[in-house]
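Student: here is a sequence with its predicted model. Questions after.
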Amino acid sequence: AQRVTQPEKLLSVFKGAPVELKCNYSYSGSPELFWYVQYSRQRLQLLLRHISRESIKGFTADLNKGETSFHLKKPFAQEEDSAMYYCALNNNAGNMLTFGGGTRLMVKP
Amino acid sequence: DGGITQSPKYLFRKEGQNVTLSCEQNLNHDAMYWYRQDPGQGLRLIYYSQIVNDFQKGDIAEGYSVSREKKESFPLTVTSAQKNPTAFYLCASSMGMTDTQYFGPGTRLTVL
């Protein structure tokens, strides 16, 4: 069975500090990983997916198959990054997304 | 994401009553999904539909039912059999099952 774990429910950093939101997964095949974000009073939306290898809003995430991780990183956090972040996995077998429990990021001024 | 609408935004229900949550999309997406969002538990899949007139149970389907009579509509009924229905419900759609999912604004259901 596939599983996604986000060990931190809350992460609080100061503006300008580096931030890393952790995501670990368990799946025996080749998964596709995503990060979704939900800003206050806005819809859940896709932030980035590992196959795109893009940097969105300064965030990057690298899939580490050896450590089964897909941590989200940003070198300098901004106040507008404060939101709820969800890591998700798709097993590419026509199956549905499995979400982690989410991490609330608070960026203090 | 503006192509997916959910109504109502807030819904109150008495115990023992069934209630139906609406989800409509005009994105011409084949796949639609219903999730339940509880604090600290992330999103859990209730039902999904890959195509019209077909739907499958997700991880927590007990106490819920759905229909997919039209491509653009995927209503969710929360029945009286659902033991703990108070939650935030999110609908999503995607072109195919492995494509990016786009989410609606959600419906907050409270059982009184």
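Tutor: Nice, I can see it.
Student: where does the prediction get shaky in the chain?
Tutor: Using chain A. Applying pLDDT under 70 to chain A flags the ranges A:92-95.
Student: um, chain B though
Tutor: B:1-2.
Student: show me which residues of it sit near chain A.
Tutor: When proximity is defined by CB under 8 Å from any CB of the partner chain, chain B lies next to chain A at B:1, B:33, B:35, B:40-45, B:48, B:50, B:58, B:90, B:97-98, B:100-106. Where C-beta positions appear, they are placed from N, C-alpha and C, glycine not excepted.
Student: now restrict the residues you listed to buried residues only.
Tutor: Neighbour counting over the residues of chain B next to chain A (16 or more other CB atoms under 10 Å in any protein chain shown) leaves B:1, B:33, B:35, B:42-45, B:48, B:50, B:58, B:90, B:97-98, B:101-106 as the buried ones.
Student: near chain B, which residues of chain A?
Tutor: So far as CB under 8 Å from any CB goes, chain A lies against chain B at A:4, A:6, A:9, A:32, A:43-46, A:49, A:86, A:90, A:92, A:94-102.
Student: which of those count as buried?
Tutor: A:4, A:6, A:32, A:43-44, A:46, A:49, A:86, A:90, A:96-102.
Student: give me the subset of these that lies in strands.
Tutor: A:V4, A:E32, A:L46, A:R49, A:Y86, A:N90, A:T98, A:F99 (DSSP state E).
Student: which among those residues gets closest to A:K57?
Tutor: A:L46 (11.9 Å; CB to CB).
Student: the closest residue to that closest one other than its chain neighbours: what's it in contact with?
Tutor: Nearest residue to A:L46 in three dimensions, chain neighbours excluded: B:T100, at 5.3 Å (CB to CB, 6 or more residues apart in numbering or on different chains). Under the criterion of CB atoms under 8 Å, 6 or more residues apart in numbering or on different chains, the contact list for B:T100 reads A:L46, A:R49, B:S94.
Student: what's the distance between the first one and B:D99?
Tutor: In this view, A:L46 and B:D99 are 10 Å apart by CB to CB, to the nearest Å.
Student: ok, B:F12 next?
Tutor: Counting by CB to CB - B:F12 and B:D99 are separated by 35 Å.
Student: phi first, then psi, for residue 6.
Tutor: No chain in the question, so chain A it is. phi -120, psi 100 (degrees, to the nearest 10).
Student: mind listing what it touches?
Tutor: A:L21, A:K22, A:C23, A:Y85, A:Y86, A:C87, A:G100, A:G101, A:G102, A:T103, B:G42.
Student: what is the neighbour count of the second one?
Tutor: It stands for A:K22. 17 (other CB atoms under 10 Å in any protein chain shown).
Student: list the contacts of it.
Tutor: Counting by CB under 8 Å, 6+ apart, A:K22 has contacts A:Q6, A:P7, A:E8, A:S69, A:H71, A:T103.
Student: closest to B:S65 among those?
Tutor: A:Q6 (30.5 Å).
Student: what about the longest strand in chain B?
Tutor: From DSSP E, the single longest strand across chain B is strand B:42-51.
Student: tell me the first helix or strand C-terminal of that strand.
Tutor: strand B:54-57 (DSSP states H and E).
Student: now do that next one: which elements does it pack against?
Tutor: Here strand B:54-57 touches strand B:42-51, going by 3 or more CB pairs under 8 Å, 6 or more residues apart in numbering or on different chains; DSSP states H and E.
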